[in-house]
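Novice: let's see this in three dimensions:
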Amino acid sequence: MGVTFEDNSENCKNAIKASALAFLYEIGGEIRSQTQRNSRRKTGRTAGTYEYMVDENELAVHIGSNDVNAIYEEFGTGEHAINGGGRKGYWVFVDNGGAPQAVKGGKTYTKKEAKRVVAIMRKKGLNAYYTNGKTANRPLYRAFTATEGKIHSVAEKSFSNIGGGGSSSGGGSYSVKDFIKDVKTKTDELETAMDDPSSLAPQPHMPSIPHAKAPKLPKAKTPKILKNLK
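Specialist: Numbers count the residues shown, from 1 in each chain. All right, here's what the predicted structure looks like:
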């Protein structure tokens, strides 16, 4: 009786990719919505610019905004920048309803000087303001941390039909964290093997070599003639 071999590898790959895409689209929308809820709502303009895009070839989701103010909201500016590298002191800018335009030259002032400059500019009809920066609101970062549990539950739901049932440790459920850890371990081993193929070869067991011991020398005996002279 002959044996027929049926190759279902392509179907398996397609099933995994479909599950991965479903996962990416769902978490992309969830994180984007959470980021919008986290955003400051003075005008809501920046909040409305957050989008997500799924790269179906790379199986990755990108979440962000093309509004420059989103960068300021995430990391802060001036004396309030989270990395401490912002401009020190106060500066003046003009808001014409679009992106605020700072006065050319990047000059900084004390608070008292900035107030005086703004007063002069407003007398000229300019919508001027002064600031020493804005605090970081971190809407995107907080969205990731707030949805971490949801991301794991969506991943487990999306990949539950692809061999994720049993635990590799012999007890409990096999979680997405376990799966990612296993993949990373195997990837690290493969990268090491690519750099050094000899790492895959079994290592011979070398017997331990005992330290050499100094030979015992016979004690010198006193000749009998010397004993008789004593």
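
Novice: show me where the chain has helices.
Specialist: In the chain, the helices defined using DSSP state H lie at 9-38, 68-75, 111-123, 139-146, 148-158, 176-195, 224-229.

Novice: okay, those helices in JSON lines with mean neighbour count, mean pLDDT and distance to Y130 next?
Specialist: No exception for glycine: its C-beta is placed from N, CA and C like everyone else's. Formatted as JSON lines, the entries for the helices of the chain read as follows, by neighbours: other Cβ atoms under 10 Å; pLDDT from 0 to 100; distance: least, Cβ to Cβ, whole Å:
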{"stretch": "helix 9-38", "mean neighbour count": "16", "mean pLDDT": "89", "distance to Y130": "27"}
{"stretch": "helix 68-75", "mean neighbour count": "18", "mean pLDDT": "92", "distance to Y130": "16"}
{"stretch": "helix 111-123", "mean neighbour count": "14", "mean pLDDT": "95", "distance to Y130": "4"}
{"stretch": "helix 139-146", "mean neighbour count": "17", "mean pLDDT": "94", "distance to Y130": "25"}
{"stretch": "helix 148-158", "mean neighbour count": "15", "mean pLDDT": "87", "distance to Y130": "39"}
{"stretch": "helix 176-195", "mean neighbour count": "12", "mean pLDDT": "53", "distance to Y130": "48"}
{"stretch": "helix 224-229", "mean neighbour count": "7", "mean pLDDT": "44", "distance to Y130": "108"}
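
Novice: Serialize these to a markdown table and add fields for distance to I82.
Specialist: Formatted as a markdown table, those follow (distance: least, Cβ to Cβ, whole Å):
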| stretch | distance to I82 |
| --- | --- |
| helix 9-38 | 15 |
| helix 68-75 | 5 |
| helix 111-123 | 22 |
| helix 139-146 | 10 |
| helix 148-158 | 20 |
| helix 176-195 | 28 |
| helix 224-229 | 91 |
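
Novice: and G84, which of those is closest to it?
Specialist: Distance to G84, taken as Cβ to Cβ, is lowest for helix 68-75 among the helices of the chain, at 10.9 Å.

Novice: and that closest one, C-alpha only, in CSV?
Specialist: Taking Å, rounded to 0.1, in the frame of the first residue of the first chain, the C-alpha atoms of helix 68-75 are listed here in CSV:
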residue,chain,number,x,y,z
VAL,A,68,4.8,68.1,14.7
ASN,A,69,2.9,69.0,17.9
ALA,A,70,2.5,65.2,18.5
ILE,A,71,6.3,65.1,19.1
TYR,A,72,6.1,68.0,21.6
GLU,A,73,3.1,66.3,23.4
GLU,A,74,5.1,63.0,23.7
PHE,A,75,8.4,64.3,24.9
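
Novice: what is it packed up against?
Specialist: Taking 3 or more Cβ pairs under 8 Å, 6 or more residues apart in numbering; DSSP states H and E as the contact definition, the neighbouring helices and strands of helix 68-75 are helix 139-146.

Novice: which strands and helices sit next to the helix it packs on?
Specialist: For helix 139-146, the contact count by 3+ Cβ pairs under 8 Å, 6+ apart identifies helix 9-38, strand 60-64, helix 68-75 as packing neighbours.
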